[in-house]
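Asks: Have a look; sequence and predicted model below, questions after that.
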Number of protein chains: 2
Amino acid sequence: MFPKKMHYGLRLLLTLSGLAEGNYLGVAEVAERENISLKFLEAIAVALRKGHIVNVRRGAGGGYQLAKPLKEISLYEIVLLLDEKLDKTIATDGSNTEKAVGRFLLSVRNDYGRLLRRVTLEKLHNYFTEENESIMYYI
Amino acid sequence: MFPKKMHYGLRLLLTLSGLAEGNYLGVAEVAERENISLKFLEAIAVALRKGHIVNVRRGAGGGYQLAKPLKEISLYEIVLLLDEKLDKTIATDGSNTEKAVGRFLLSVRNDYGRLLRRVTLEKLHNYFTEENESIMYYI
DNA sequence: TATTATCCTACCATTTTAGTAGTATTAATA
DNA sequence: TATTAATACTACTAAAATGGTAGGATAATA
């Protein structure tokens, strides 16, 4: 349902969320830690930066950091930046059946958009800490 | 957001909904009326039949009819049959970030599924009758 | 049995997705 | 200021998905 860009992008943001305030982390390190193609992840990071989800510091010692806390980032923003599908137009002209189908599907897409806007990456972080806690039991 | 298969399939169902009880309509006629590629629409009709959305009568004088009223057909069923994307698995294993992202996206997909289940094709039909009424004003 | 219509298999072109390569640009730091 | 470490950009490629086509097999009816 979601392209790899989405999965990778979310893993990048999750990794960045563990960063101390004011610090930056390079994509090369994230790509290695997360076993994601460096070049592919670079492109994702650029997209997230253009969408003001992350800040960048170029040059040596640079990298990315979250531009705002996870709970202020909605999944909607991420999908718009990394999924493309959502913003391509649905025709609401043509024959009567075409118009009806177009408007019908548009209303569904709007509902879906509302759903995505209500979900923030704080929830993602909750899943993440659950995972880490479940490891604790083995220690 | 939705592939043409979805648009075409919905237009087919909308056309069939105008059929008198017990009657069948061939895809060739629908394809012509709706300006949709015959062969493509044939494949869509077969998929809808396999999903028990339409009944078929083969041979001369045959064609398709709705298997149940529009208000008993949820968009979820149609998406499952014509969109594919929804049923491909989301991995919830691997590293902790992979698990977290997998479960997170899975929960979103479940919410989306619930949304689709609540939408029936009755709503589509409402959009359609609205279109037809708006034409009345010109007469 | 001739006709009409669905059904099935295989194929093809275009677009999207995922990934790679090389190089230009920027900024810290030695 | 030269070196180095990092992002940014452009172009390319392989594989998969999407949209569509062709031909014939199958089934049912008139």
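Replies: Everything's here; your move.
Asks: Let me know the average pLDDT across the longest helix along chain A.
Replies: Using DSSP state H, we find that the single longest helix of chain A is helix A:96-118. This predicted structure assigns helix A:96-118 an average pLDDT of 97.
Asks: So which bits of the following helix or strand past that helix are buried?
Replies: Scanning forward in sequence from helix A:96-118 by DSSP states H and E, the next helix or strand is helix A:121-136. When burial is assessed from 16 or more other CB atoms under 10 Å in any protein chain shown, helix A:121-136 yields the following buried residues: A:121, A:123-125, A:127-128, A:131. (C-beta placed from N, C-alpha, C; glycine too.)
Asks: ok, now stretch A:29-39?
Replies: Residues of stretch A:29-39 classed as buried: A:30-31, A:34, A:36 (neighbour count, 16+ other CB under 10 Å).
Asks: Need the three-state assignment for A:I90.
Replies: State at A:I90, reduced to three classes by DSSP: H, G, I helix; E, B strand; the rest coil: coil.
Asks: Any idea which residue is closest to the centre of chain A?
Replies: To find the centre residue of chain A, average its C-alpha atoms and take the closest one (CA atoms, centre = their mean): that gives A:I78, at 3.6 Å.
Asks: Go ahead and list the helix or strand containing that residue.
Replies: In this assignment (DSSP H and E), A:I78 forms part of helix A:75-82.
Asks: Output that helix as CSV, nothing but the C-alphas.
Replies: What follows is helix A:75-82, C-alpha atoms only, in CSV (Å, rounded to 0.1, in the frame of the first residue of the first chain):
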residue,chain,number,x,y,z
LEU,A,75,1.3,11.5,8.4
TYR,A,76,-0.6,13.6,5.8
GLU,A,77,2.5,15.8,5.2
ILE,A,78,4.7,12.7,4.8
VAL,A,79,2.4,11.1,2.4
LEU,A,80,2.2,14.3,0.3
LEU,A,81,6.0,14.5,0.1
LEU,A,82,6.9,10.8,-0.3
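Asks: what ranges of chain A fall below the confidence cut-off?
Replies: In the predicted model, chain A carries pLDDT under 70 at residues A:135-139.
Asks: Tell me which residue in chain A sits closest to DNA strand C.
Replies: When CB to the nearest atom of the strand is the measure, chain A has its nearest residue to DNA strand C at A:G59, with 2.4 Å between them.
Asks: What values do phi and psi take at that residue?
Replies: Dihedral angles phi and psi of A:G59 (degrees, to the nearest 10) take the values phi 80, psi 180.
Asks: related to what we said a few turns ago, could you redo the buried residues of stretch A:29-39 as a markdown table and give each row distance to DNA strand C and secondary structure?
Replies: Output for the buried residues of stretch A:29-39, formatted as a markdown table (distance: CB to the nearest atom of the strand, whole Å; DSSP: H, G, I helix; E, B strand; the rest coil):
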| residue | distance to DNA strand C | secondary structure |
| --- | --- | --- |
| A:V30 | 14 | helix |
| A:A31 | 9 | helix |
| A:E34 | 12 | helix |
| A:I36 | 7 | coil |
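Asks: And those, which is closest to DNA strand D?
Replies: Looking at the buried residues of stretch A:29-39 and their distance to DNA strand D, the nearest is A:V30, at 7.8 Å (CB to the nearest atom of the strand).
Asks: which residues touch the closest residue to that closest one other than its chain neighbours?
Replies: Ranked by CB to CB, 6 or more residues apart in numbering or on different chains and with sequence neighbours excluded, the top spatial neighbour of A:V30 is A:T15, at 5.2 Å. Contacts of A:T15 were listed using CB atoms under 8 Å, 6 or more residues apart in numbering or on different chains, and they are A:25, A:30, A:33-34, B:97.
Asks: DNA strand D contacts on chain A?
Replies: Along chain A, the residues adjacent to DNA strand D under the rule CB under 7 Å from any atom of the strand are A:26-28, A:39, A:42-43, A:45-46, A:49, A:56, A:58-64.
Asks: Narrow the residues you listed to just the buried residues.
Replies: Listed as buried from the residues of chain A next to DNA strand D are A:26-27, A:45, A:56, A:63-64; burial here means 16+ other CB under 10 Å.
Asks: Inside helices: which ones of those residues?
Replies: When DSSP H is applied, those are split such that A:27, A:45 fall in helices.
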